[in-house]
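Novice: model the following, please.
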Amino acid sequence: MARFVSWLNLVAVFPLALACSGDDGGGDGGTAADTGSGGGTASSSADDAPLPPDLPVPKEPVTTVFESLVPFDANREDLAGPGSWDTNYGKSPEIVVVPQGLGMAVYAQNYDTTGEQKSILLRIEPSVDDYVITGVVEPPFLDRIMGMDHDGGDNIYVASGIIDSEIDATYPALNEYRPGIVSVVATNWDGEVNFEVDLDPAREAFDQPELLVNPMVAATSRLVYGASTVALLHGNNTDPDEALDGARHQKAMTTHLHAVTGAITRSSSMWVSHSFDQRMFYDGSGFIEMHLGDAYPRYVAFGSVGPGNPAADSGAVPLFHIKGALGENVTRTEIGDVARIGGSGEFGYLAVFIAERTASEADLGPAQANIAGTRELAMVRIKQSFASTGDDELNHLDASMPDTLDVSSSGMPRTNRLRWLTNYDAEGAGTAMVERAKVVATADDEFIVMWERHEFNGSGYVFAGTHAMTLNAAGEVAAGPQEVSQSRLPRGDDAFLLEGGAAFMTGDSQLRELQLHLIAPDLTTRLIVIQ
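Specialist: Numbers count the residues shown, from 1 in each chain. The predicted structure is shown next:
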């Protein structure tokens, strides 16, 4: 069952940290009444406000979160922030949420060490004023979740993989396609497995492409359904570089599968190396990919990839040229996400990311390592029709954005055009920073953007709340910015659309519950605890 609670009294952040996995390569939106575990009456403005008139019918839960899993806890187990080496890279998924009907499909890594099941797939649906678990599936699984999506009907697709600590210059050997490295499974809520594809051998049989060496290394992973195709995008290690004593570089890898048969339909997409973070969604005609490119190219890369059809690809285009030398792992840039702009206007996509306001590459000081300026939230707007011209120019972007940033990127002078959405630099260089940006489209011309604020305390940066604002597609602010939660945003998982607003999900590993954070376009908030 679920209950509504006030986020002001919920989260206690404890000083535990994740191990580094890097390698080459105030809201004073309203609170809600706590009425206990039997369901509650909630409002964004008053505890005794009436319930919405269109409440879902009661549903009987089939289990509880407490009985099902120990979820990942971003508030205790992922404290990385500005200056942390971890934030140079994306993070592997932990709690993947995809809206399904009025509810959600949730694919979660299970940290319960008393059992053998390391992941679980939950169907969570609204029931009166609660959200309850109405379906549980334990699909075939390797070691780490990599992504999940569904086809809008009964079919659900999940991917899992092995992060291999034994990778070196000789293992795996050249052309050694290995079983059990990445698995893609099609299932349903009855637990029937329609296909299970062992991806590396299947790719070998398709066209002998690059090996799946080390999925999600120094990066993340996303799985998306569209046009009868399942697309899986993730970081990967390359073959050993003999010129560098066998060192393995890092890049991105994409595989497309037929959604009915599981047959491989293509084994690569955009070339981005190093690709330290990735996002992907289906826009109705192609899979939109967004990468944090460190070397080839050194920019935030964006492109459309045709389902199973390389002839429909746009090629990679730059959204933001990153300062610094080619292949310098410290990019001082983090990607947020990209959303579709509705309608038939000139611009079709809005992307948000984090970058420093300065062209300087010199650290602010010993306690601010890898930081050369105030990290701010920024956005660009991309034209409906875009394609790579091969010249790394920005003609596909909205030239009316009000701000510019001149940088030296891979030894070349570049001028970025963007809109800064925050101005923490006005508080003093390095005083406050932006982390973990997210964006959700709530209407054709309405977007909720979320981020974490971090503040310098003299020895490092500490989390100081999750903030949000509501924008139109031009970046004009309709609500906010303001603090909306004292919970961390999940670094490896995406925000999503629910109940007409933005939502994100976190876990509490001690109480063994999931926390659904809802943010309306007017930035009023609710927190629903799913027990």
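Novice: C-terminal to the lowest-mean-pLDDT helix or strand in the chain, what's the next element?
Specialist: Lowest on mean pLDDT, DSSP states H and E among the helices and strands of the chain sits strand 2-5, with a mean of 41. Note on strand 2-5: by DSSP states H and E, the next helix or strand toward the C-terminus is helix 65-68.
Novice: and the next helix-or-strand element following that following helix, what does it pack onto?
Specialist: Note on helix 65-68: by DSSP H and E, the next helix or strand toward the C-terminus is helix 74-77. On a contact count with 3 or more C-beta pairs under 8 Å, 6 or more residues apart in numbering; DSSP states H and E, helix 74-77 meets strand 501-508. To be clear about C-beta, it is placed using only N, CA and C from the backbone, and glycine gets the same treatment.
Novice: report the buried residues of the helix of greatest length in the chain.
Specialist: Secondary structure of the chain read by DSSP state H shows that its longest helix is helix 199-207. Applying a neighbour-count criterion of 16 or more other C-beta atoms under 10 Å, one finds 199-200, 202-204 buried in helix 199-207.
Novice: so which elements touch the following helix or strand past that helix?
Specialist: Sequence-wise, the next helix or strand downstream of helix 199-207 (DSSP H and E) is strand 221-226. Contact partners of strand 221-226 among helices and strands, from 3+ C-beta pairs under 8 Å, 6+ apart: strand 144-150, strand 156-161, strand 229-241, strand 273-282.
Novice: and the angle for strand 221-226 with strand 144-150?
Specialist: 20 degrees (axes from the mean of the first three to the mean of the last three C-alpha atoms, to 10 degrees).
Novice: distance between strand 221-226 and the chain's centre?
Specialist: Mean C-alpha position of strand 221-226 versus that of the full chain (C-alpha atoms, centre = their mean, to the nearest Å) differs by 11 Å.
Novice: parallel or antiparallel, list what pairs with it.
Specialist: Paired neighbours of strand 221-226 in the sheet (DSSP bridges): strand 229-241 (antiparallel).
Novice: and the partner strand, how far from the chain's centre?
Specialist: Mean-position distance between strand 229-241 and its chain equals 17 Å (C-alpha atoms, centre = their mean).
Novice: kindly report the same for stretch 432-441.
Specialist: In terms of C-alpha atoms, centre = their mean, the centre of stretch 432-441 is found 11 Å from the chain centre.
Novice: hey, C-alpha coordinates of it in CSV?
Specialist: Taking Å, rounded to 0.1, in the frame of the first residue of the first chain, the C-alpha atoms of stretch 432-441 are listed here in CSV:
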residue,chain,number,x,y,z
ALA,A,432,26.6,26.9,-5.6
MET,A,433,26.5,24.4,-8.3
VAL,A,434,23.9,22.5,-10.4
GLU,A,435,23.8,18.7,-10.5
ARG,A,436,21.6,15.9,-12.0
ALA,A,437,19.4,17.8,-14.4
LYS,A,438,16.1,16.2,-15.7
VAL,A,439,13.4,17.4,-18.0
VAL,A,440,9.8,16.2,-18.6
ALA,A,441,7.4,17.5,-21.3
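Novice: where are the low-confidence patches of this structure?
Specialist: Across the chain, the ranges flagged by pLDDT under 70 are 1-55.
Novice: switch to 80 and redo it
Specialist: 1-56, 389-391 (pLDDT under 80).
Novice: helices or strands up against the longest helix of the chain?
Specialist: For helix 199-207, the packing partners by 3+ C-beta pairs under 8 Å, 6+ apart come out as strand 182-187, strand 264-266.
Novice: which residues are in contact with that helix?
Specialist: Identification of contacts with helix 199-207 by C-beta atoms under 8 Å, 6 or more residues apart in numbering yields 177-179, 181-184, 209, 211-212, 232, 255, 262, 264, 267.
Novice: closest one of those residues to Thr134?
Specialist: Val184 (24.9 Å; C-beta to C-beta).
Novice: who touches the closest one in this structure?
Specialist: 157-159, 195-197, 199, 223, 230, 232, 255, 257, 262.
Novice: out of those residues, which are buried?
Specialist: 157-159, 195, 197, 199, 223, 230, 232, 255, 257, 262.
Novice: export those to TSV and append columns for distance to Ala80.
Specialist: TSV is the format used below for these (distance: C-beta to C-beta, whole Å):
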residue	distance to Ala80
Tyr157	29
Val158	26
Ala159	24
Phe195	36
Val197	33
Leu199	29
Leu223	24
Val230	30
Leu232	25
Thr255	28
Leu257	32
Gly262	36
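Novice: from those, which is closest to Glu67?
Specialist: Looking across the buried ones among the contacts of Val184 and measuring by C-beta to C-beta, the closest to Glu67 is Val158, at 20.6 Å.
Novice: okay, the closest one and Gln482: tell me how far apart.
Specialist: As judged by C-beta to C-beta, to the nearest Å, Val158 and Gln482 stand 36 Å apart.
Novice: and for Pro413?
Specialist: According to C-beta to C-beta, Pro413 and Gln482 sit 38 Å apart.
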